[in-house]
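Chemist: missing the sequence, but the structure's below:
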């Protein structure tokens, strides 16, 4: 005979539930690999408006969008295959500090940073220049 109780007489047996756990694979994957940071529709509209204007002026020719784990990057190129001329970045971790948005030039220098994308994009507004006669 075995040492286990006879369940026919109303005795109960404890079951060890720690050995098997049901896991939703979608939730597990999202907890391991969080969704990348993306630009929202209004943000892309503002960026693409500037991009279209600069393409019309012949200054920019190509772009790329990267959605990374920690930030979203809109890169602007003068010619395909080169280093990006400008990068417009969204980094949510900096939202409470300097601001989530920044414009960075080809040398890596931050030209403008802030909490509002439209304000940051004003770095591309044309300034009046003094012309000598």
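Modeler: Alright, I've got the coordinates. Remember, predicted model here, so these are calculated numbers, not experimental data.

Chemist: List the contacts of the most centrally placed residue in the chain.
Modeler: Geometric centre of the chain, nearest residue: residue 37, 2.2 Å, by Cα atoms, centre = their mean. With contact set as Cβ atoms under 8 Å, 6 or more residues apart in numbering, residue 37 has these partners: 67-72, 90-92. To be clear about C-beta, it is placed using only N, CA and C from the backbone, and glycine gets the same treatment.

Chemist: Same list (those residues) but as TSV, adding distance to residue 109, neighbour count and secondary structure.
Modeler: Formatted as TSV, the entries for the contacts of residue 37 read as follows, by distance: Cβ to Cβ, whole Å; neighbours: other Cβ atoms under 10 Å; DSSP: H, G, I helix; E, B strand; the rest coil:
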residue	distance to residue 109	neighbour count	secondary structure
67	24	13	strand
68	21	12	coil
69	24	9	coil
70	20	12	coil
71	17	18	coil
72	20	22	strand
90	18	23	strand
91	16	19	coil
92	22	11	helix
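
Chemist: I'd like the residues you listed laid out as TSV, including distance to residue 113 and pLDDT.
Modeler: Shown next, in TSV, are the contacts of residue 37 (distance: Cβ to Cβ, whole Å; pLDDT from 0 to 100):
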residue	distance to residue 113	pLDDT
67	20	93
68	18	91
69	20	90
70	16	91
71	13	93
72	15	95
90	11	95
91	10	93
92	14	92
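
Chemist: of those residues, closest to residue 117?
Modeler: Nearest to residue 117, judged by Cβ to Cβ, of the contacts of residue 37 is residue 90 at 7.7 Å.

Chemist: tell me the contacts of the closest residue in space to that closest one that isn't next to it in sequence?
Modeler: The shortest distance from residue 90 to any residue that is not its chain neighbour, by Cβ to Cβ, 6 or more residues apart in numbering, is 4.4 Å, and that residue is residue 72. Contact criterion Cβ under 8 Å, 6+ apart gives 36-39, 65-66, 89-90 as the residues in contact with residue 72.
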